[in-house]
Every structure is written in C-alpha cells, then in structure tokens.
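# Just a sequence and a predicted model for now, questions to come.
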Amino acid sequence: MLTRYLKKVDTITAGKLLKDGKLVAFPTETVYGLGARADSDKSIKRIFEVKGRPTYNPLIVHVSSMAMAQDIAVFDDESTKLLKVFWPGPITFVLPLKKNSRISTLVTAGLNTIAIRFPSSIVAQNILTAAKTPIAAPSANLSGKISPTSADLVSDYLDGRVDAILDGGVSELGLESTIIMTNPIRILRPGSITKQNIEAVIEKKVLGESKSTIILAPGQLKSHYAPVSNIRLNVNDPEPSELLLGFGNVANAALNLSLSGDLHEAAANLFKMLSNIDQKAIKNGRRSIAISPIPEKGVGIAINDRIKRAAADRGQARPAEVDK
Ligand code: TXA
Ligand code: MG
C-alpha cells in the first residue's frame, strides 16, 4: 500500500480520510496516534492487524468536543471536575460506555467502559473536527515497540501499512496520556498530569501510580516499549560494555535525557533517545544500555514506569501478554 504523507496544514484532508474509514497516523501533544473511525468495525479491525495488537487490549477514543464525549461516555461529578481543569489535554478517562453509542465493540474489547481523550494539540483537534466523528487512536507503534514522538518514527513502523501519516512536528510531552478511572479515582497509567495534579483538584488522595500493582488497564503489562538491547536501571557507574543514557550532570553519557535534570525535558526526549541509543548499541555490538537514576517524583514517576517496562525481562512475559 502506498502511504500518503501529509503536512501540518493538511488537517482537513486527514480528517476526510478518517471519515472515509481510512487509517491515518497523526500527532498529539503526547505521542503520535494511529487513528480510525471508532464506529467502523472494518477500520478498527485494521488497526489491530497493522499494529499486531491483541484484540483484548482496548483503544482510546479521541474527541474534539465535550458534546462528542458526552454522546459516548457517562461522566460522574469527579471526572467532570477534573476534565474542566485538564481537558483538552493529556489525560484519558475510563468511564461507563453509553448505551447506543455506536462505538465498535472491537474498540472497547467488549468491556462496558470506554477510554476517552480530548487532546490539546491544535493539529489533532483540527483533524478530529474535520473527521466529525469519534476517532480511536492507539499509539502509532508496532506491537511492543516504543511509542513514536515524530512522523519519522511513525514512518519507520507504518510506511506502506497505513493510508496516511500527517507530520505535525515533534510531540511536545513525549509520554502517553495519564489514564484514570473513577469511583474511586485511581491512576491506571501515570503520565505528565501527575497524581499530585489530580489530588489538588479533587482535594483527596488518589490511588495508583507507582504503588499500583493491579493490572486494570489491559495494556499495562509488564514488558512494554521493549528495545532490542538489555537495559539496566538506576546506574551511576556503567560497565564498559554498556552505553549510558544519562540524566543530569553525569559523565560519559552516550545520550542525555536532560543535562539540567529537568524531568519534563527528559520525558519529551525519552522515547526518541531510547530508540536512538538502542540503534547505537546494536551498531557497535554492545547491546546493553544503562540508564541513570531518575527521581521518583512528579513526571519522574511516569518516566520510571516506562523505563521499568522497557527493562522488564521479556522472557517472563508470555508473548501474548506483551502490550501492543
Ligand atoms: O497519549 C495517549 O494516550 C496516546 C495518544 C495517541 O492519544 N494513545 C495511547 O493509546 O497511548 P494506547 O492504545 O497505546 O494505550 C491505551 C491504553 C492501553 O493500555 C489500554 O489497555 C487502555 O488504554 N485502555 C483502553 N480502554 C480501556 C478501558 N476501557 N479500561 C481500561 N483500560 C483501557
Ligand atoms: Mg501504546
């Protein structure tokens, strides 16, 4: 299949392609997503096929307005309070699915809940507005690979497999959205919007994040974002056989997530640098990556969540359990 390459200004074309049932990869403020009409079994089936994603792992539906969101999901008081502060933005709500919503059952993997997100990226919003219908979009990577934060990375994975890729530049935040569930509010996947940010709005304690051991989001399985090389975490003194992915003012780093020790900068650089250092390690035959300690606070919690998954022993996860 010939993949069309669209520019940042081509949002109306991208939206029309989506409306026509095509698969289009597009940027959001978190990572690039692979979009398709959420009400089309045929298009959604293709997403699972292209990514090699297990069908039990449900997708996030993206909307371009509150009205669109309310047609699909039932919002309670606490989620309404939160979305007034954080939407549009990098937070996804898992809520009861509205009856007669027309969302394909493949999107929700047959669950009676739905994950829903209103992105703040203007390019994403323009595409969704032009599509005029809810768009399901998982991260635009292949099964078990690192999420893409640029159109080039998407192209490496999906060229020739999808109808179009829209290049909207580098994703500003670089980590997938925070996913929360309500009643009571708990974090299923940490992200740039932190537990503290959420607690400040609802004025009570929130479960989850680093302490969460229960797999509530079916995609939150142990091994994820797996590079080819082995990864060792919390390393201050790398072995000669290792390439160091540094954080802060450390010596001999092959790449540095943030020289100044800024966690937001580190989050934005994480997936691109993990992918680059993996390529370097493979090229020079080291095949081993060491990562500096990342403080377990604020966005550092989400960064540690992703690198722990990247470092997880792939041998321990059954292949079918690896998130796609
Ligand atoms: O930032 C993001 O969220 C990106 C961009 C493209 O929006 N999307 C993304 O989608 O990360 P994906 O499919 O890679 O991750 C979606 C996660 C999976 O872990 C999935 O299991 C979980 O959301 N999920 C989806 N529906 C769910 C539901 N009803 N209940 C619990 N978890 C759900
Ligand atoms: Mg993903």
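Perfect, I can see it now. Ligands and ions are numbered 1, 2, ... in the order given.
# what's the nearest residue to residue 114 if we skip its chain neighbours?
Spatial nearest neighbour of residue 114, excluding adjacent residues (C-beta to C-beta, 6 or more residues apart in numbering): residue 97 at 4.3 Å. Where C-beta positions appear, they are placed from N, C-alpha and C, glycine not excepted.
# need the residues of the chain near ligand 1, please.
With C-beta under 6 Å from any ligand atom as the criterion, the chain meets ligand 1 at residues 28, 30-31, 33, 57-60, 92, 94, 108, 111, 113-115, 117, 137-139, 176-177, 179, 188, 216-220.
# if we go to 5 Å?
Within the chain, the positions adjacent to ligand 1 are 28, 30, 33, 57-58, 60, 94, 111, 113, 115, 137-139, 176-177, 217-219 by C-beta under 5 Å from any ligand atom.
# returning to that earlier point: show me what contacts the residue nearest to residue 114?
Contact partners of residue 97, counting by C-beta atoms under 8 Å, 6 or more residues apart in numbering, are 72, 73, 74, 103, 108, 111, 112, 113, 114.
# possible to save those residues as a markdown table with secondary structure and pLDDT?
A markdown table is the format used below for those (DSSP: H, G, I helix; E, B strand; the rest coil; pLDDT from 0 to 100):
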| residue | secondary structure | pLDDT |
| --- | --- | --- |
| 72 | helix | 97 |
| 73 | strand | 98 |
| 74 | coil | 97 |
| 103 | coil | 98 |
| 108 | coil | 96 |
| 111 | coil | 93 |
| 112 | coil | 94 |
| 113 | strand | 96 |
| 114 | strand | 97 |
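# Just give me the closest of the residues you listed to residue 43.
residue 103 (12.2 Å; C-beta to C-beta).
# most neighbours, which of the contacts of residue 97?
residue 114 (27 neighbours; other C-beta atoms under 10 Å).
# right, and that residue touches residue 105 too?
No. In this structure, residue 114 is not within contact of residue 105 by C-beta atoms under 8 Å, at 10.8 Å.
# Tell me the bridge partners for the closest residue to residue 207 other than its chain neighbours.
Nearest-residue entry for residue 207: residue 186, 3.9 Å, with adjacent residues in sequence omitted and distances by C-beta to C-beta, 6+ apart. Taking DSSP bridges as the rule, residue 186 bridges to residue 181, residue 207.
# picking that back up, from the residues of the chain next to ligand 1, list the buried ones, please.
Buried subset of the residues of the chain next to ligand 1 (neighbour count, 16 or more other C-beta atoms under 10 Å): 28, 30, 33, 57-58, 60, 94, 115, 137-139, 176-177, 217, 219.
# Quick check on residue 95: phi, psi?
For residue 95, the backbone dihedrals (degrees, to the nearest 10) come out as phi -130, psi 160.
# Hmm, it is touching residue 78, no?
No. Applying C-beta under 8 Å as the test, residue 95 and residue 78 come out as separate, 10.7 Å apart.
# The two: which has the busier surroundings?
Using other C-beta under 10 Å, the more surrounded residue of residue 95 and residue 78 is residue 95, with 21 against 18.
# Next, the contact list for the more buried one, please.
73, 74, 75, 76, 79, 113, 114, 116, 182.
# do that again at 7 Å, thanks
73, 74, 75, 79, 113, 114, 116, 182 (C-beta atoms under 7 Å, 6 or more residues apart in numbering).
# And for residue 64?
Counting by C-beta under 7 Å, 6+ apart, residue 64 has contacts 125, 128, 129.
# Check residue 171 too.
27, 28, 29, 30, 31, 32, 149.
# Identify the bridge partners of residue 256.
residue 246.
# ok, it to residue 279 distance?
17 Å (C-beta to C-beta, to the nearest Å).
# Same drill for the two, tell me which one is more crowded.
Taking other C-beta under 10 Å, residue 256 and residue 279 do not tie; residue 256 has more neighbours (20 against 13).
# tell me which helix or strand of the chain sits lowest on mean pLDDT?
strand 207-208 (a mean of 74; mean pLDDT, DSSP states H and E).
# Any idea how far the longest helix seen in the chain is from the middle of the chain?
Longest helix in the chain, counting residues (DSSP state H): helix 263-283. On the basis of C-alpha atoms, centre = their mean, to the nearest Å, helix 263-283 sits 15 Å off its chain's mean C-alpha point.
# Equivalent analysis for stretch 93-104, please.
21 Å.
# follow-up on the earlier one: a markdown table for the contacts of residue 97, including distance to residue 144?
Supplementary listing: the contacts of residue 97 in a markdown table, determined by distance: C-beta to C-beta, whole Å:
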| residue | distance to residue 144 |
| --- | --- |
| 72 | 29 |
| 73 | 29 |
| 74 | 33 |
| 103 | 26 |
| 108 | 22 |
| 111 | 22 |
| 112 | 27 |
| 113 | 24 |
| 114 | 24 |
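# still on that earlier bit, the contacts of residue 95 into CSV, with extra columns for distance to residue 246?
CSV is the format used below for the contacts of residue 95 (distance: C-beta to C-beta, whole Å):
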residue, distance to residue 246
73, 42
74, 46
75, 43
79, 39
113, 40
114, 40
116, 37
182, 38
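# Thanks a lot, see you next time.
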